[in-house]
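**Q** Here is a sequence together with a model predicted from it:
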Amino acid sequence: MNVLVINCGSSSLKYQLLDMTTEKVMAKGLAERIGIDGSVLTHEAAGKDKVKFEQAMETHKDALNILMDALVSPAHGVIKSLEEISAVGHRTVHGAETFCDSVVINADVIEKMEECSELAPLHNPANLIGIRACQELLPNVPMVGVFDTAFHQTLPAEAFMYPLPYELYEEHKIRKYGFHGTSHKFVSRAAAELMGEKIENLKLISCHLGNGASLCAIKGGKSVETSMGLTPLAGLEMGTRCGDIDPAIIPFLVNKGYSVKEVDEIMNKKSGVLGVSGVSSDFRDVEGAADEGNKRAQLALDIFHYRVVTTIGAYVAAMDGVDGIIFTAGLGENSVTSRKAICDRLNFLGIKLDVTANSQRGKAMIISAADSKTKVMVIPTNEELMIARDTMELVK
Ligand code: ADP
């Protein structure tokens, strides 16, 4: 059974075709600059050369047409006909309280997804465009929506409610939703396997540390607390996002003459490690500058590590313990120094790193020493595989 995984952004489309008997990627690619000049689709099939299609793509449907031609082409393809695609899994960002799990997409689901768009105006409409285009091009193939928020629908009310007037929750659905759910779910299952334990018996904290970063407390396999909120702006310090700040800073700045739009732009695009360091939003650049003695770069990293550590502390309290801590995503998987800086401040959990193991990259492994009271792991995340697994499960 082959599953095509689609992840549509406003002007981009990422895809992977997976053979689900082996869970191997048969082909993958990325279309960029859809609807703008210079659109390009990069396609890579297993065992074949990477190829670039530089041709106009007005819409996501144009991108899908190119990728489907590529998938069946003798030169770059991996299947003989589109009939070899058994199902399509769509990454969908916001499922609000409507979607607690992945779902088979039908007219009713599309209508409900439209209702959720208000909460993710940048992401959900793009996801829906991708779904509609696939429906036109592959009308008889079942499709599944996998929501970034769904995994966090198990949060208890004490964790997801903001102490605002209750009417704001009833009228405007203002509450914590959390994101990166597909990643937190994937790495927690992989961690249980690595530990040789049943997920039902474990208390885990997953640290998804990339440009966007979030932590998740997972008790018995269920998300019970997470650091992002109504939107992905909340929680940790990120590449360009500020994370949690005193909310009164917003009216304070507005009173100083900034428009609401400007404040929003500052918090989402000009803050985080970029804003503090003044160097870059890319952690590699900031780590490099700090190594060369740049004090603000070091401060940006110190804030980042401090917030991860104090959030871990809060989640240990929320779960009344922790058995394992997982590092994943760009920084979590690759930054030996950040993992060390964070773990060095977790003495209260009896954590001891295995220095040799911590210096490895690219594979799932335990990086804590044998006598560490809490296990620490690196698990490369794989959201596409998780989406494909959910898709196969639902259409089987
Ligand atoms: P997103 O999907 O949120 O855009 P990723 O999970 O791809 O982000 O993570 C990107 C971040 O990971 C970048 O800031 C990058 O600098 C960081 N990163 C990748 N490799 C390394 C590394 N070797 N050392 C430090 N940071 C790294």
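**A** Done, it's in.
**Q** what's the pLDDT at residue 187?
**A** Residue 187 carries a pLDDT score of 98 in this model.
**Q** can you list the residues that contact the strand or helix carrying it?
**A** If you go by DSSP states H and E, residue 187 is part of helix 181-195. Where contact means Cβ atoms under 8 Å, 6 or more residues apart in numbering, the residues beyond helix 181-195 that reach it are 91, 146-152, 198-199, 202, 204, 206, 208, 214, 216, 218, 221, 223, 226, 323-324, 326, 328-329, 364-366, 375, 377, 379, 381-383, 385-387. Bear in mind the C-beta positions are built from the backbone N, C-alpha and C, glycine included.
**Q** In terms of helix, strand or coil, where does residue 316 fall?
**A** Assigned with DSSP: H, G, I helix; E, B strand; the rest coil, residue 316 falls in the helix class.
**Q** Name the nearest residue to it, ignoring sequence neighbours.
**A** Leaving aside its sequence neighbours, residue 316 sits nearest to residue 322 (Cβ to Cβ, 6 or more residues apart in numbering; 4.9 Å).
**Q** State the phi and psi torsions of the one you found.
**A** Main-chain torsions, residue 322, degrees, to the nearest 10: phi -160, psi 140.
**Q** Could I get the full set of helices for the stretch 1-150 of the chain?
**A** 60-72, 107-116, 124-137 (DSSP state H, counting those that start in this stretch).
**Q** Check the stretch 251-396 of the chain too.
**A** Along the stretch 251-396 of the chain, counting by DSSP H, counting those that start in this stretch, helices occupy 260-269, 272-277, 283-291, 295-319, 329-334, 336-343, 355-358, 383-395.
**Q** Counting by contacts, list what the fourth one packs against.
**A** In this structure, helix 295-319 packs against strand 203-209, strand 213-219, strand 222-226, helix 272-277, helix 283-291, helix 336-343, with contacts taken as 3 or more Cβ pairs under 8 Å, 6 or more residues apart in numbering; DSSP states H and E.
**Q** Redo the ones you listed as JSON lines? Include mean pLDDT.
**A** Listed next are these as JSON lines, based on pLDDT from 0 to 100:
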{"stretch": "strand 203-209", "mean pLDDT": "98"}
{"stretch": "strand 213-219", "mean pLDDT": "98"}
{"stretch": "strand 222-226", "mean pLDDT": "98"}
{"stretch": "helix 272-277", "mean pLDDT": "98"}
{"stretch": "helix 283-291", "mean pLDDT": "96"}
{"stretch": "helix 336-343", "mean pLDDT": "97"}
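**Q** any chance of these in TSV, with distance to the ligand too?
**A** Compiled in TSV, the helices and strands packed on helix 295-319 are given as follows (distance: least, Cβ to the nearest ligand atom, whole Å):
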stretch	distance to the ligand
strand 203-209	7
strand 213-219	7
strand 222-226	15
helix 272-277	8
helix 283-291	4
helix 336-343	7
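**Q** Just put these in JSON lines and tack on mean neighbour count.
**A** Formatted as JSON lines, these follow (neighbours: other Cβ atoms under 10 Å):
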{"stretch": "strand 203-209", "mean neighbour count": "27"}
{"stretch": "strand 213-219", "mean neighbour count": "27"}
{"stretch": "strand 222-226", "mean neighbour count": "22"}
{"stretch": "helix 272-277", "mean neighbour count": "23"}
{"stretch": "helix 283-291", "mean neighbour count": "18"}
{"stretch": "helix 336-343", "mean neighbour count": "20"}
